[in-house]
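Asks: just to be clear, the model below is a prediction. Sequence and coordinates:
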Amino acid sequence: MNDIFTISDVAKKTGLSQDTIRYYEKIKLLPPAKRNEHNKRQYIQMDIDRILFINHLKRTQMPLKQIREYVKFSQAKNDEAGQTILEEHKKQITTQIIYKLL
C-alpha cells in the first residue's frame, strides 16, 4: 500500500507553501488531489515527485504556462511533444548562458 500524505506533509517535503500546492492544483499543474472522508486532500509519493520535478523546471526559469503544457503532454502520454518543450527550453537556457559569457 502507498503511503498517504497530507498537504502539510507535502509542503514540508517539497518546500512549497500549502497555498502554492493548492494553486498548482487550481491551474492544473497537478491533478486534483484525492480526498478522504473529511474532504481533506490526500497525496501519494508520485504527487510529491511531480511537485519536485515542477520545482526543478521552475529553477531553470521555465514559465508556469510552459510547465503546464509539458504536464498536459506528459499526462496524455505524448512524449514527443513533451520532449519538444524540454528541448526548446534547453535551447533558451543555452542561449542565455552564451550571452552572459560574451
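Replies: Nice, I can see it. Numbering: from 1, shown residues only.
Asks: which stretches of this protein form helices?
Replies: Ranges of helices within the chain are 7-14, 18-26, 45-59, 64-75, 79-101, based on DSSP state H.
Asks: who does the fourth one touch, helix- and strand-wise?
Replies: Spelled out, it's helix 64-75. helix 45-59, helix 79-101 (3 or more Cβ pairs under 8 Å, 6 or more residues apart in numbering; DSSP states H and E). (Glycine included, C-beta is placed from N, CA and C.)
Asks: got a markdown table for these, with mean neighbour count, mean pLDDT and distance to Val10 too?
Replies: As requested, these are arranged in a markdown table below (neighbours: other Cβ atoms under 10 Å; pLDDT from 0 to 100; distance: least, Cβ to Cβ, whole Å):
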| stretch | mean neighbour count | mean pLDDT | distance to Val10 |
| --- | --- | --- | --- |
| helix 45-59 | 15 | 94 | 6 |
| helix 79-101 | 12 | 91 | 23 |
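Asks: tabulate those in TSV, adding columns for distance to Lys12.
Replies: Formatted as TSV, the helices and strands packed on helix 64-75 follow (distance: least, Cβ to Cβ, whole Å):
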stretch	distance to Lys12
helix 45-59	10
helix 79-101	28
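Asks: His38: which of those is closest?
Replies: Shortest separation from His38 across these is recorded for helix 45-59, at 18.5 Å, computed as Cβ to Cβ.
Asks: got the angle for that closest one vs helix 18-26?
Replies: 100 degrees (axes from the mean of the first three to the mean of the last three Cα atoms, to 10 degrees).
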